[in-house]
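Need a 3D model of the sequence below.
(one chain, ligands or ions: 2)
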Amino acid sequence: MNIPLTKEILNFTESAKNEITISRFDHSLRVAELAYELSIIHNYEYPLDAYLAGILHDFTKQKTNNYHIDVFTKHQFEYQELPVNAFHAFSAYFVIQDRFNFTKRDVLNAIRSHTLGKENMGLLEKILYVSDFLGSEFALRSDEFTGWVENTKKNLYYGMYLKSSKTIQDLTEKQLPIHTNTISVYNFSVNKLVANHSIS
Ligand SMILES: [Fe+2]
Ligand SMILES: [Fe+2]
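Ligands and ions are numbered 1, 2, ... in the order given. Below is the predicted model:
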């Protein structure tokens, strides 16, 4: 896909590359491209911002828990209810603003909700949430990958259902608690799919 990358995006891509491992960076590139493509298909007005959200979403993924907690403490952010695997989404939201004076609200909000999702997500939040799943190693290795991507191109709610249901399944198997945001995304997307007669 030919994406007209701006100087700003290329600079952020270099910065992201310095923060994460190559395999995590490759994942971020896949997520960025998917987010760009899904933005065009699902009429998000700023597909290049969606690409940028993909590049930046895992910016702090490989930091320690203490690093995340320091960021939360500095910003007086209550993190106690968050699952540890979602820390990076919330710390990236703060770090990207602090480090780059970055102010694009849609991009920042999408980064913050990319792991857990939330109730009433905006369009870019939904797009990044599903792109993160479709751009995962897990999705890429699945025999169902092509169908998952095609169905999400047809209906974004399908991708939201897919990621939330796989997350719930995985957590249930590991006997781990399920965050209420994930359950909200699951209920919301299933209701939309049923209403659209996409599942019965
Ligand atoms: Fe992430
Ligand atoms: Fe990710």
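
what is the rounded mean pLDDT of the helix or strand hosting R24?
Element membership of R24, judged by DSSP states H and E, is helix 22-41. Mean pLDDT, helix 22-41: 98.

List the buried residues in that helix.
Buried positions in helix 22-41, judged by neighbour count with 16 or more other Cβ atoms under 10 Å: 25, 27-39. C-beta coordinates here come from the backbone N, C-alpha and C atoms, glycine included.

just stretch 54-70 next, same as before
By neighbour count with 16+ other Cβ under 10 Å, stretch 54-70 contains the buried residues 54-61, 63, 68.

List of residues touching that stretch?
9, 12-13, 15-16, 19-21, 24, 27-36, 71, 79, 84, 87-92, 95-96, 107, 110-111, 114, 128, 131-132, 135 (Cβ atoms under 8 Å, 6 or more residues apart in numbering).

let's see 6 Å
12-13, 16, 19-20, 24, 28, 31-32, 35, 87-88, 91-92, 95-96, 111, 114 (Cβ atoms under 6 Å, 6 or more residues apart in numbering).

Select only the buried ones of the residues you listed in ChimeraX?
Selection of buried members from the contacts of stretch 54-70 for ChimeraX, criterion 16+ other Cβ under 10 Å:
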select :12,13,16,19,20,28,31,32,35,87,88,91,92,95,96,111,114
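
In helices only, show me the contacts of stretch 54-70.
Residues of the contacts of stretch 54-70 located in helices (DSSP state H): 12-13, 16, 24, 28, 31-32, 35, 87-88, 91-92, 95-96, 111.

from these, which are also near ligand 2?
With Cβ under 5 Å from the ion as the criterion, the ones in helices among the contacts of stretch 54-70 include none near ligand 2.

which one of those residues sits closest to ligand 2?
Proximity to ligand 2 was ranked across those by Cβ to the ion; first place goes to V31, at 5.8 Å.

Just to check, that closest one is in contact with V130?
No: if you go by Cβ atoms under 6 Å, V31 and V130 don't touch, sitting 9.7 Å apart.

how about the residue most central in space within the chain, phi and psi?
Taking Cα atoms, centre = their mean, the centroid of the chain lies closest to H114, which sits 2.9 Å from it. Note on H114: backbone dihedrals following degrees, to the nearest 10 are phi -70, psi -20.

Distance check, it against D70.
Look at H114 and D70: by Cβ to Cβ, to the nearest Å, they are 21 Å apart.

Nothing else from me, thank you.
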